[in-house]
Every structure is written in C-alpha cells, then in structure tokens.
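[1] please work out how this folds:
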Amino acid sequence: MGKQLTKQVLAVIKQGEWPKLESATEHGRRIFLQAMERVDEFKGDPEQLLGTIRLLQTADSRPFALAGAAYTLVAAAKDRGGVYDEDGLKAAMFWLEKAQDMEAEIIEINCIEAIIYIHSNRFEDARLILDYLSEIDPYNFYLHQVEVVYWVAAKDKEQAVEWIERTIQSAVTIPQRLRMRAKLGDVYLNAKEYEKAVDVLKEAIHFDKENASLWYRLSVAYYRLSNFAEADRANKQTLRLQSNHAAALKVQEALKKQKGGTGGLRRLFGG
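    Residues are numbered from 1 along each chain as shown. Prediction:
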C-alpha cells in the first residue's frame, strides 16, 4: 500500500488513453460515480484500483475521468496505520487540479480536494471548502461523506456520529448505507463504546452477511466486552469468508491461547 501502490496506479494513469472532451457529460458522470463506488469498496487488492483507472479511461468526459483518477490515488496513498503517503496525495492533487481547470463548479469533484486536505492535515483548508460546498447543496451525499471523513479525522465522536446519520439518510444505494453503518461501528469501537458497536455491526451484518470486515469488527467488539464465545464465533465467520484475513488469523491464535487467561488477546488489541 502507500508509496508502492501509488506508483502502480500512476503507471496505469500515464500509460492509458484519456477522454478528449474537456467538459462534463452524463456518461462521464455515471462512470465517475461507478469509479467512486469501486474505490469506496476497496479492501486491499491492487487490481481493484488499477481496474478502476481502466474503467475511467472508457468515459467520454476528461474532467470526470481525471477527478476519478485523483480519487483513486487518494485510496492508493493510504498506508498501514491510516497514514497517507505524501507523494501520493500530491499526485492526487495534480490530477484533480487538471479536472478542476476544465470544470470548476462540480460538487463531487471539489469534494475530492477537501479529502486531500484532510489527509494532509490541512483541516482549515478542508473546512473552507466543505462550508462553501454546503451552501450550494447541503443535501449532497458525497459532501456528507466527506464531512464524516473530516470529523473522524478530527476525533470528534459526536460530530462524526451526527454526520454518519445524515449520510445514511442522504445515501442513494444500499451499499452506501452499509458502508456508513460499518463506519459508525468503527467510531463506537474507537470510542470504546463496545455495546453500541455490537448493535450497529449486527445490524449491518443482517443486511450484508458475506462481509468479512464486518464480522472481524464484531469479533473485536465482543472481545472488548469479554464475550469470548461470541468473539470466537464472529472471528470464525471472518475466516470462513476470507481465510487469509491476517488480523483474524491472529485473533484465532490468541483465542486458542486465552483458555487460561486473556493476555494474548489484550496484547493483540492493545488493551
């Protein structure tokens, strides 16, 4: 991830043919939104992002295509531990500015600038953009989604929860709503509100039973509540769906060792 994946994505960006039309089209917008969905579903397979760039190159609108490339680069720049590669973010801004030079007033494109600022720790710049865009379209799902990113990064749990709820209401697809429910589970996990996390994650799993990431989060929440039987059950579901899930494999070993105590799991989860 991070620097290496950024290089891979940039190679595909530079090698491919990009649309010539320097204005927005409905087809271009449709491809752009499909690409954003793919990026938002990214779970670590580089081909997901490389394939997204190739999808964008089939569009007929250059600004939408290049903005999608910028959004993909932001995802590629994320390294382990949630740190973003600086060069990856600079590359994302480079391609985004090309899109903005052609179409300066499209909210979904300008939202990407705020995201780049957030991950560059330029919160004041991000806030200026978000406030400006909210005056134009206060009900925009993609704008709401960036507000969630902003408040999570700012470590403001109350605002993050409020914006997640707003984003769920403004979402237009079931996958969008489910991603926000998973994000809410993460917020509660990070706030050590484990019972709330369990409730949210169980609800999300009810609608998405084949999501290994949700099952893993649930196993962590149950462990924190010292419900090791349910933690084990949830973790087994994770491994059923994704047998090479690295974190779940560590949990599996720790659960086996904790028969006589919980030290292994506490070390694993940092508790």
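[2] the closest residue to residue 10 other than its chain neighbours: neighbour count?
    Ranked by C-beta to C-beta, 6 or more residues apart in numbering and with sequence neighbours excluded, the top spatial neighbour of residue 10 is residue 91, at 6.0 Å. C-betas here are computed from N, CA, C, even on glycine. Residues lying near residue 91 (other C-beta atoms under 10 Å) number 22.
[3] name the element residue 91 belongs to?
    Residue 91 is part of helix 86-102, with elements assigned from DSSP states H and E.
[4] can you give me the buried ones in that helix?
    88-89, 91-93, 95-96, 98-100, 102 (16 or more other C-beta atoms under 10 Å).
[5] outside of that helix, which residues touch it?
    Here helix 86-102 makes contact (C-beta atoms under 8 Å, 6 or more residues apart in numbering) with 2-3, 6, 10, 13, 22-23, 62-67, 69-71, 73-74, 76-77, 109-110, 112-113, 116, 119-120.
[6] ok, for residue 183, nearest residue in space, not its chain neighbours?
    Counting by C-beta to C-beta, 6+ apart, the residue nearest residue 183 is residue 164, at 5.8 Å.
[7] run a quick neighbour tally on the one you found.
    26.
[8] list the residues that contact it.
    Residue 164 sits next to 148, 180, 183-184, 187 when contact means C-beta under 8 Å, 6+ apart.
[9] which members of those residues occur in helices, if any?
    148, 180, 183-184, 187 (DSSP state H).
[10] now, the most widely separated pair of those?
    Across these, the longest distance by C-beta to C-beta is 10.3 Å; it joins 180 and 187.
[11] what about the two, which has more around it?
    residue 180 (24 against 21).
[12] hmm, that one is touching residue 169, no?
    No. Shown here, residue 180 and residue 169 do not form a contact pair, counting by C-beta atoms under 8 Å, at 9.5 Å.
[13] residues of stretch 107-119 that come out buried?
    108-119.
[14] need those in JSON lines (columns: pLDDT, distance to residue 232 and secondary structure).
    What follows is the buried residues of stretch 107-119, written out as JSON lines (pLDDT from 0 to 100; distance: C-beta to C-beta, whole Å; DSSP: H, G, I helix; E, B strand; the rest coil):
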{"residue": "108", "pLDDT": "97", "distance to residue 232": "42", "secondary structure": "helix"}
{"residue": "109", "pLDDT": "97", "distance to residue 232": "46", "secondary structure": "helix"}
{"residue": "110", "pLDDT": "98", "distance to residue 232": "46", "secondary structure": "helix"}
{"residue": "111", "pLDDT": "98", "distance to residue 232": "41", "secondary structure": "helix"}
{"residue": "112", "pLDDT": "98", "distance to residue 232": "41", "secondary structure": "helix"}
{"residue": "113", "pLDDT": "98", "distance to residue 232": "44", "secondary structure": "helix"}
{"residue": "114", "pLDDT": "98", "distance to residue 232": "41", "secondary structure": "helix"}
{"residue": "115", "pLDDT": "98", "distance to residue 232": "37", "secondary structure": "helix"}
{"residue": "116", "pLDDT": "98", "distance to residue 232": "41", "secondary structure": "helix"}
{"residue": "117", "pLDDT": "98", "distance to residue 232": "42", "secondary structure": "helix"}
{"residue": "118", "pLDDT": "98", "distance to residue 232": "37", "secondary structure": "helix"}
{"residue": "119", "pLDDT": "97", "distance to residue 232": "35", "secondary structure": "helix"}
